[in-house]
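Undergrad: Turn this into a structure:
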Amino acid sequence: MKKKIALIEDDADLFTLLKYNLEKEGFLMFGSQTGRGAIDLCLRERPDLLLLDIMLPDSDGLDICKGIRSHPELAHIPVIFLTARASEADRIVGLELGANDYIVKPFFVRELIARIKIQFRTAAAPQRLLRSGGLELDRTGCVVRLRGEELQLTATEFRLLEYLMTRPGVVFSRDQLLNAVWGHDRAVTDRTVDVYILRLRQKIEPDPTRPSLIRSVRGFGYSFRGGVEAPEPEHSAVSS
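TA: Numbering: from 1, shown residues only. Now for the predicted structure:
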């Protein structure tokens, strides 16, 4: 089945160029040259990946990305920023907001296609084992080990840890975590997330009072610190 890509880009020439080349590559393309309504468009079309310009005439691509990441039906979609903002600070902000990749204009179309394929390859082959330092999560066996010793986690604690570890570096609000882990039909509150995060820290952190794995982001929520390894062998990256 062909992958569907959403393109939000205000430069008409670049929009046409990318649409032509990506369709030639076999992708299904749709999109808009304005940011207004981008989230509604994604909800209707359900893309497999979003190419998103940051500097749009009527909105900010960073805000659109935050909206995508906060929506339970869209949060899983890979987002690649296309932007003229090339500073290190801009890259860090974009990635910390949840972008999967950040490409600075001008760029080679072949490089963009290669990066898109990497995102699809990663999404198509979820890893069984996730590791971060001495912490190992086995998604098939539903087992978590710390320095080789099995931890006693409840099913909810496991799902919460798995959700965070599969998205390292992404900051999630309490409401996002409730929707993702507990689901929409729930009789729990935001405080529930805090309680379960505390329980996880007591089980996986070397010093729960100074957490190094699950970090708090004041005013936003929680994030699993980057550095999660997928130890199973993978195919080599697509070259540009």
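Undergrad: Flag every buried residue along the worst-scoring helix or strand of the chain on mean pLDDT.
TA: Least confident helix or strand of the chain, by mean pLDDT, DSSP states H and E, is helix 88-96 with a mean of 83. By 16 or more other Cβ atoms under 10 Å, the buried positions in helix 88-96 come out as 90, 91, 93, 94, 95. C-beta: built from backbone N, CA, C; applies to glycine.
Undergrad: any idea which residue of the chain is furthest from its center?
TA: residue 149 (29.3 Å; Cα atoms, centre = their mean).
Undergrad: Next, count neighbours for the closest residue to residue 188 other than its chain neighbours.
TA: Closest residue to residue 188 apart from its sequence neighbours, by Cβ to Cβ, 6 or more residues apart in numbering: residue 182 at 5.7 Å. For residue 182, the neighbour count with other Cβ atoms under 10 Å is 17.
Undergrad: got a list of what residue 182 touches?
TA: Residue 182 sits next to 156, 188, 192 when contact means Cβ atoms under 8 Å, 6 or more residues apart in numbering.
Undergrad: If we use 10 Å, what do you get?
TA: 156, 159, 160, 188, 192, 193, 196 (Cβ atoms under 10 Å, 6 or more residues apart in numbering).
Undergrad: Disregarding flanking residues, what is the spatial nearest neighbour of residue 36?
TA: residue 58 (5.0 Å).
Undergrad: ok, the one you found - contacts?
TA: Residue 58 touches 10, 33, 34, 35, 36, 37, counting by Cβ under 10 Å, 6+ apart.
Undergrad: can you do 7 Å?
TA: 34, 35, 36 (Cβ atoms under 7 Å, 6 or more residues apart in numbering).
Undergrad: Can you tell me which of the residues you listed are buried?
TA: The buried subset of the contacts of residue 58 - by 16+ other Cβ under 10 Å - is residue 35.
Undergrad: would you list the contacts of residue 58 in TSV and tack on distance to residue 16?
TA: Below are the contacts of residue 58 laid out as TSV (distance: Cβ to Cβ, whole Å):
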residue	distance to residue 16
34	15
35	18
36	20
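Undergrad: Please settle this for me: is residue 36 part of a strand?
TA: No. Counting by DSSP: H, G, I helix; E, B strand; the rest coil, one finds residue 36 to be coil, located in no strand.
Undergrad: For it, give its distance to residue 80.
TA: Distance, residue 36 to residue 80, by Cβ to Cβ, to the nearest Å: 20 Å.
Undergrad: what does residue 170 give?
TA: For residue 170, the distance to residue 80 - Cβ to Cβ - is 15 Å.
Undergrad: more neighbours, those two?
TA: Set residue 170 next to residue 80 and count neighbours by other Cβ under 10 Å: residue 170 wins out with 22 against 19.
Undergrad: Let me know the secondary structure of that one.
TA: Residue 170 ends up coil, using three-state DSSP.
Undergrad: show me what contacts it?
TA: Counting by Cβ under 7 Å, 6+ apart, residue 170 has contacts 69, 98, 223.
Undergrad: one more time with 10 Å
TA: 69, 75, 95-100, 163-164, 176, 221-224, 226 are the contacts of residue 170 under Cβ under 10 Å, 6+ apart.
Undergrad: Lovely, talk soon.
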